[in-house]
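Chemist: Next input, structure requested:
(2 chains)
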Protein chains: 2
Amino acid sequence: MPAGANPASPTALPRVAMVQFNSTVGAIDENCRRILDAVAAAGSDAELIVFPEMAVTGYPLEDLALRPALQAASVTAVDTLARDLQARGHGHQTVVVGHVGTAASTVGGRPAPTNCASVLRNGDVIATYAKRHLPNYGVFDEYRIFTPGTGITVIDVGAARVGIAVCEDLWQGAALMAEYRAAGIHLLVVPNASPFERDKDDARAALLAERAQEVGCPVVYVNSVGGQDELIFDGGSFAVDAAGSVTARMKQFTEASLLLDERCRGSVAPAADDLEQVWQAITLGVRDYVHKNGARSVLIGVSGGIDSAVVAAVACDAVGAGNVHGVSMPSRYSSQHSRDDAADLAARTGLHLRTVDVEPMIAEFSTRLQLTGLAAENVQARVRGTTLMAISNSEGHLVLAPGNKSELACGYSTVYGDTVGAYAPIKDVFKVDVWALARWRNDAAARRGETAPIPPASITKEPSAELRPDQLDSDSLPPYELLDAVLESYIERDHDPESLIAAGIDAELVQRVVRMVDAAEWKRRQYPPGPKVSRLAFGRDRRLPISARPPHWSSGG
Amino acid sequence: MPAGANPASPTALPRVAMVQFNSTVGAIDENCRRILDAVAAAGSDAELIVFPEMAVTGYPLEDLALRPALQAASVTAVDTLARDLQARGHGHQTVVVGHVGTAASTVGGRPAPTNCASVLRNGDVIATYAKRHLPNYGVFDEYRIFTPGTGITVIDVGAARVGIAVCEDLWQGAALMAEYRAAGIHLLVVPNASPFERDKDDARAALLAERAQEVGCPVVYVNSVGGQDELIFDGGSFAVDAAGSVTARMKQFTEASLLLDERCRGSVAPAADDLEQVWQAITLGVRDYVHKNGARSVLIGVSGGIDSAVVAAVACDAVGAGNVHGVSMPSRYSSQHSRDDAADLAARTGLHLRTVDVEPMIAEFSTRLQLTGLAAENVQARVRGTTLMAISNSEGHLVLAPGNKSELACGYSTVYGDTVGAYAPIKDVFKVDVWALARWRNDAAARRGETAPIPPASITKEPSAELRPDQLDSDSLPPYELLDAVLESYIERDHDPESLIAAGIDAELVQRVVRMVDAAEWKRRQYPPGPKVSRLAFGRDRRLPISARPPHWSSGG
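Modeler: Numbering: from 1, shown residues only, chains lettered A, B, ... in the order given. From the prediction side, this is the model:
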């Protein structure tokens, strides 16, 4: 053990309250009011109360963080928060909050602030730690915004020496752990704003176990919760002991606080299974998008198909069926079972359903413009999109788009038609997983003795856009099991087409799928945002040019 | 003068050919074929032939550059290019080309390549310089993609020692200049992919003058030309002597090469004035977006108003009037002068004009959905959008959206209505500048003895969306002169509302405009891409959350 390192004896640690907190980006005053309330709710037994990364300001602020007025407001708010905590009798408690720190330098000619966590006690800001490792990949752009910190921050809470790190510091911070170990800390607390993706909870647990062993003391990991445009912060805050074993874990996808004992132990919530996590992530995404943008109700075109049924069921879970409005818009190509399935969805969930006859509008366009083929198909979708937007304008509902990731990938959608909406709940879910989610949700209802929300017929029937007689998705696309496997490999794993072919997938199929994906980039740019749930989502996670001819286009034919 | 520094005597420099080159992103084989042709066209007198940054691969590649297959293809292509140059008798000439280099490390778990410039001679790659300063602000994301280089690269060309830097190296590279000066170079060549913005040519000239004095020798600045989604590379390649005086300058916005003499002198093209530059940038943006995406013709809804008239005139300049299709879609609220002005536009430019009566479709929607107010206004725009897309689907034209920056800023548009399109030529031009561009273009025509393309009545009449009787833009928006001044300050200068008010602008007006801008973020996300011409464009240049309540919302009322 190096000189000055953590003594092996189990020092009595402060009782930590982990506050899994849902901030609104930019709403500094409101966030601070809610932080005060959360400290009060944590109770007087809590000696060290830890909030997530950027709890004061929300995250990610993107270029808002570059505004000097926001930086000033953030720093002032933290000072005020310290005084307000003192005034409300919480001065003796130690509170750690994440926020935007003062600009330390410039990036691209603009002031570059820090991503920091301040320690508040006795009415003062007694210490501030600035995040040292800035993520700048995937959905993250922190080099664009922040200056990295230097050094470590150790505070005394009672008899314990407590260190602070922020989020990415854990992922890249083996050397930082050694510094903290050398400083002899007894506890490391880590505010995070770590967005959800499937299987990430396992990755976090493995990481924290490793870091705890490196730093040689318990680690408390407090994560944000809430939806912010494309990102869903899932919470799932947890603690590990010095050996890396989980000693406390909070439920994901909900605001809450958890008080740990003097050895960083608390209740350990069971981990939800994969499909449940995805459902809850999407549901939270819809709820927060709607509410944080000042809306209350949503509008969905319900076709009777599986995509709109799942989106509607998610919406009912998110904002309540009383705030969910469905519109059935059958055309001459809509089957009777589609109409029946839409009605069944409404009966099962309790959403408001109306039917609009779109045939007359379609007929006007088709006749006057003499539309045939693709143009005649697409105009049906666009008349439906225009109908939804007209109702939205009249009644104030926010429109949800039903597209799934397989569709988005292949461009199997009508831009300004079925793509209209403010938010697209399942845009990061492949078709095979849309079915799986539907089954999971219906099973969950059955287990609770509730009515399954999704019509079984919507799950089992052959998918069709119903834009021409007897149309099936399989006329235009490979079978979804195969398609989704290729898409997952090409998009989420970034495998190049040659390696897919080398792995035994039919070369013609691979080339066909890859061409569809590449050619649909322009459509995806105009698609509404929706929650990232996969390792690589369309949107800020995957940035590609529209005007491009990647090499495989020429090499592959 | 430090030891080893550049001797003051004017060493005979190699004759440099600057090749202002238009690459297509990802089309490595095609780019290399065209590089070979450009070397041949430069002539045998050219001893050192300099291409722009990333000439082999196109720029910006965005996440395509992270693909190992692309990295491998790029490196292989440069080797092949060296051999092909030799085979065609150019082995004795020294050729500098920019390209993606081999991954030197990983970023976010993915291989991080270099942004480099290789020197080809006698069939070999004789040297490779990797860009040391990576821009990661504004429209740039190079930290996401590239590993910075280390060290300098000096090659001998005849008796001269020649150094290489790449683009951002100039902007941040005072220390690099000192290294090159110490190395005693006689000439610095700099491949660039520097996107156009207004007044940037002046900034580049001032910068190069400074750097030339620092490095103590002539500098040759070779810039890309061409449109790439949001970015327009304007060329404008130039050279300065050791004192920083311009000794050669190429015309902007066109592919060309220029052969310099032994003292880096060549013809000096006059700088175009500001409005001419903007017009040419937008025109090049449209032409390259259309052609690089495999289209030939465009479709525009022409209302008789100034925005669609300017977009149509740009399109005629970009792809030829024979490839421009206009659709007049008058409704009951369209004035006779609007119909006349649309017809006049067609007569002046020669674009194909047709008229579609959209009243019956509007009436079907309005009656069946009982639309009033905003919903009744918006449905007119959406019927027009659907009409344009139907014609696009039938005939294969690419739709251009007519929105200007003032509209986009304030959300004064109907999403899925007048916003439909693949490309939006004037989205980065404020309304006052749309008028100025129209006047400039008509004046330019008059100077050449040609018909002015834009109907004078479209320029002089009061702007109106004509979605209800006697509607004027001024019913909903402040006067454009005032509005655009506030928008320019808030958006392009990033001034906070308080500072605008402090500068004497009416507080209520500022708050109103800022709220409109912030609330329209979701609409802008779904808007088509268009060329950046200002210092700060909507799009990748300005990244803001949708779900947000910036502090000024609460503090300002």
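
Chemist: Tell me which helix or strand in chain A has the weakest average pLDDT.
Modeler: helix A:551-555 (a mean of 55; mean pLDDT, DSSP states H and E).

Chemist: now stretch A:162-172: mean pLDDT?
Modeler: Averaged over stretch A:162-172, pLDDT sits at 96.

Chemist: could you check whether it is close to chain B?
Modeler: No - using CB under 8 Å from any CB of the partner chain, we find that stretch A:162-172 stays clear of chain B, coming within 9.7 Å at best. For the C-beta atoms, the positions are set from N, CA and C on the backbone; glycine is no exception.

Chemist: List the buried residues in that stretch.
Modeler: Neighbour counts over stretch A:162-172 (16 or more other CB atoms under 10 Å in any protein chain shown) mark A:162-171 as buried.

Chemist: Helices - which of the residues you listed land there?
Modeler: Among the buried residues of stretch A:162-172, the ones falling in helices (DSSP state H) are A:168-171.

Chemist: Near chain B, which residues of the stretch 201-350 of chain A are found?
Modeler: Going by CB under 8 Å from any CB, the residues of the stretch 201-350 of chain A near chain B are A:227-229, A:288-289, A:292-293.

Chemist: Recalculate using a threshold of 10 Å.
Modeler: Contact residues (CB under 10 Å from any CB of the partner chain) of the stretch 201-350 of chain A with chain B: A:226-231, A:288-294.

Chemist: Name the next helix or strand downstream of the longest strand anywhere in chain A, please.
Modeler: If you go by DSSP state E, chain A has its longest strand at strand A:94-107. Under the assignment DSSP states H and E, the closest C-terminal helix or strand after strand A:94-107 is strand A:110-121.

Chemist: Point out the other helices and strands that that next one packs with.
Modeler: Counting contacts by 3 or more CB pairs under 10 Å, 6 or more residues apart in numbering or on different chains; DSSP states H and E, strand A:110-121 packs against strand A:48-50, helix A:68-87, strand A:94-107, strand A:124-130, helix A:142-145, strand A:154-157, strand A:160-164, strand A:187-192.

Chemist: rank these by pLDDT, which is bottom?
Modeler: Looking over the helices and strands packed on strand A:110-121, mean pLDDT reaches its minimum on strand A:94-107, with a mean of 88.

Chemist: quick check: angle from it to strand A:110-121?
Modeler: 170 degrees (axes from the mean of the first three to the mean of the last three CA atoms, to 10 degrees).

Chemist: Okay, strands next: where are they in the stretch 201-350 of chain A?
Modeler: A:219-223, A:225-228, A:231-234, A:238-240, A:246-249, A:256-259, A:298-301, A:324-328 (DSSP state E, counting those that start in this stretch).

Chemist: Put together CSV for those strands, with mean pLDDT on each row.
Modeler: Converted to CSV, these look like this (pLDDT from 0 to 100):
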stretch, mean pLDDT
strand A:219-223, 98
strand A:225-228, 98
strand A:231-234, 98
strand A:238-240, 98
strand A:246-249, 98
strand A:256-259, 98
strand A:298-301, 98
strand A:324-328, 98
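
Chemist: Which positions in the stretch 51-200 of chain A make contact with chain B?
Modeler: The stretch 51-200 of chain A comes close to chain B at residues A:57-64, A:66-70, A:72-74, A:76-77, A:106-110, A:112, A:134-138, A:140-145, A:171-172, as judged by CB under 10 Å from any CB.

Chemist: ok, now with 6 Å
Modeler: A:62-63, A:69, A:73, A:107-108, A:136-137, A:143-144 (CB under 6 Å from any CB of the partner chain).

Chemist: Identify the residues contacting whatever residue of the stretch 151-300 of chain A ends up closest to chain B.
Modeler: Per CB to the nearest CB, residue A:292 is where the stretch 151-300 of chain A lies closest to chain B, at 4.1 Å. Residues near residue A:292 by CB atoms under 6 Å, 6 or more residues apart in numbering or on different chains: A:24, B:547.

Chemist: helices or strands next to the longest helix anywhere in chain A in the packing?
Modeler: Secondary structure of chain A per DSSP H: the longest helix is helix A:373-395. Counting contacts by 3 or more CB pairs under 6 Å, 6 or more residues apart in numbering or on different chains; DSSP states H and E, helix A:373-395 is packed against strand A:298-301, helix A:359-368, helix B:373-395.

Chemist: right, so the ones you listed: which one is the most enclosed?
Modeler: Stretch with highest mean neighbour count among these: strand A:298-301 (a mean of 26; mean count of other CB atoms under 10 Å in any protein chain shown).

Chemist: List the contacts of that strand.
Modeler: Contacts of strand A:298-301 (CB under 6 Å, 6+ apart): A:308, A:311-312, A:315, A:324-327, A:384, A:388, A:391-392, A:397-400.

Chemist: Need the nearest residue in space to residue A:200, chain neighbours excluded.
Modeler: Of all residues not flanking residue A:200 in the chain, residue A:194 sits nearest, at 7.3 Å (CB to CB, 6 or more residues apart in numbering or on different chains).

Chemist: Can you give me the neighbour number for the one you found?
Modeler: Using other CB atoms under 10 Å in any protein chain shown, residue A:194 has 27 neighbouring residues.

Chemist: Was I right to think it contacts residue A:223?
Modeler: Yes - between residue A:194 and residue A:223 a contact is recorded at 5.3 Å, counting by CB atoms under 6 Å.

Chemist: Quick check: residue A:393 touching residue B:373?
Modeler: No - using CB under 6 Å, residue A:393 is not in contact with residue B:373, being 8.0 Å away.

Chemist: Show me what the closest residue to residue A:272 other than its chain neighbours is bridged to.
Modeler: Of all residues not flanking residue A:272 in the chain, residue A:252 sits nearest, at 6.3 Å (CB to CB, 6+ apart). Beta bridges link residue A:252 to residue A:235 when assigned by DSSP bridges.

Chemist: what number of residues lie near residue A:252?
Modeler: By other CB under 10 Å, 24 other residues sit near residue A:252.

Chemist: you'd agree it is up against residue A:238?
Modeler: No - with contacts counted by CB under 6 Å, residue A:252 stays clear of residue A:238, the gap being 10.2 Å.

Chemist: gap between the closest residue to residue A:288 other than its chain neighbours and residue B:501?
Modeler: Nearest-residue entry for residue A:288: residue A:227, 3.2 Å, with adjacent residues in sequence omitted and distances by CB to CB, 6+ apart. Distance, residue A:227 to residue B:501, by CB to CB, to the nearest Å: 33 Å.

Chemist: Compare neighbour counts for these two and give me the winner.
Modeler: Between residue A:227 and residue B:501, residue A:227 has the larger neighbour count (other CB under 10 Å), namely 29 against 16.

Chemist: which residues touch that one?
Modeler: A:284-285, A:288-289 are the contacts of residue A:227 under CB under 6 Å, 6+ apart.

Chemist: same thing but at 8 Å, please
Modeler: Going by CB atoms under 8 Å, 6 or more residues apart in numbering or on different chains, residue A:227 touches A:233, A:284-289, A:292, A:531, B:547.

Chemist: Identify the bridge partners of it.
Modeler: Per DSSP bridges, residues listed as beta-bridge partners of residue A:227: residue A:232.

Chemist: thinking again about what came up before, how about the residues of the stretch 51-200 of chain A next to chain B in a markdown table, adding neighbour count?
Modeler: A markdown table is the format used below for these (neighbours: other CB atoms under 10 Å in any protein chain shown):
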| residue | neighbour count |
| --- | --- |
| A:62 | 19 |
| A:63 | 20 |
| A:69 | 18 |
| A:73 | 24 |
| A:107 | 17 |
| A:108 | 14 |
| A:136 | 20 |
| A:137 | 20 |
| A:143 | 21 |
| A:144 | 24 |
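
Chemist: Cheers, nothing more for now.
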